[in-house]
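Novice: Fold the following, please.
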Amino acid sequence: MNRRIFVILFAVAVSALPGIAQSSKLNGTWKLDNAKSNFGQFPPPASEVDVITVSGSDFKQQVTTANAQGSQTYTRSCSIDGKEVALTPEDPRGHLGAITLSKIKCAWDGSSVVFTEGANLRGSDLTDKLTFSPADDGKTMTMASHITSATINGDRTLVYDASDPSHAMAAPAASASMPPAPSRT
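Specialist: This is a model prediction of the structure:
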């Protein structure tokens, strides 16, 4: 009986590890490296700093960006469950600067978070699929973006450097220790 309980606890702990490992490498403060990034047909910002927090199934990206028109701050957030959520105009998750989102969806793809957002831009439906991928060493993160609409079809690859490289080495708060092995008496 004890062995069966141990096997069940071990299986639960092992299945929880991928989510814990994934979130630890995305969590942190990231500074956009314009020289390493490819903005495609889109103008680059003068600067951008993102703070990403993944806690359990909650994803949050706080963006502070500056360009010739000034600076703006916005937050992108969702539940990483693979379910599409329709947003009302009052939903704070739907406001990304000048763009108002109509729907969002987040899902894990290996160690990456894929954030898909939809909006109506000047009468045309627009979809932006953003893939947040941490490097194995936790020192950089890439955000690949594929934007499609009737008037825009483009790709961007933004590369971010960790502001504090030690952040990727910190254990996430949600980590749990393995249950002790049963005694063999």
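Novice: I'd like the distance between residue 59 and residue 36.
Specialist: 23 Å (CB to CB, to the nearest Å). Quick note: C-beta positions are derived from backbone N, CA and C, even for glycine.
Novice: neighbour count winner among those two?
Specialist: residue 59 (22 against 13; other CB atoms under 10 Å).
Novice: What segments of the protein are helices?
Specialist: 2-26 (DSSP state H).
Novice: low pLDDT regions in it?
Specialist: For the chain, the stretches with pLDDT under 70 are 1-24, 165-185.
Novice: Identify the residue nearest residue 153 in space, chain neighbours excluded?
Specialist: Spatial nearest neighbour of residue 153, excluding adjacent residues (CB to CB, 6 or more residues apart in numbering): residue 147 at 7.0 Å.
Novice: Isn't the one you found up against residue 126?
Specialist: Yes. Using CB atoms under 8 Å, residue 147 is in contact with residue 126, at 6.7 Å.
Novice: ok, residue 152 - contacts?
Specialist: If a contact means CB atoms under 8 Å, 6 or more residues apart in numbering, then residue 152 has 41, 121, 126 as its contacts.
Novice: Drop anything exposed from those residues.
Specialist: residue 126 (16 or more other CB atoms under 10 Å).
Novice: wait, which of the contacts of residue 152 is closest to residue 139?
Specialist: Residue 139 has its nearest neighbour among those in residue 41, at 28.6 Å by CB to CB.
Novice: With adjacent residues omitted, what lies nearest to the closest one?
Specialist: Closest to residue 41 by CB to CB, 6+ apart is residue 154, at 4.8 Å.
Novice: Pull the contacting residues for that neighbour.
Specialist: 40, 41, 42, 146, 147.
Novice: Go through the residues you listed and give me the one with the most neighbours.
Specialist: residue 147 (19 neighbours).
Novice: So what pairs up with that residue in the strands?
Specialist: residue 128, residue 154 (DSSP bridges).
Novice: Let me see the contact set for it.
Specialist: Contacts of residue 147 (CB under 8 Å, 6+ apart): 126, 127, 128, 153, 154, 155, 156.
Novice: related to what we said a few turns ago, CSV for the contacts of residue 152, including distance to residue 53?
Specialist: Shown next, in CSV, are the contacts of residue 152 (distance: CB to CB, whole Å):
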residue, distance to residue 53
41, 31
121, 28
126, 26
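Novice: contacting residues around the residue nearest to residue 51 when sequence neighbours are not counted?
Specialist: Excluding the flanking residues, the one nearest residue 51 by CB to CB, 6+ apart is residue 62, at 4.5 Å. Counting by CB under 8 Å, 6+ apart, residue 62 makes contact with 50, 51, 52, 73, 74, 75.
Novice: surely the last one meets residue 58?
Specialist: Pointing back at residue 75 there. No. In this structure residue 75 lies outside contact range of residue 58 using CB under 8 Å: 11.9 Å.
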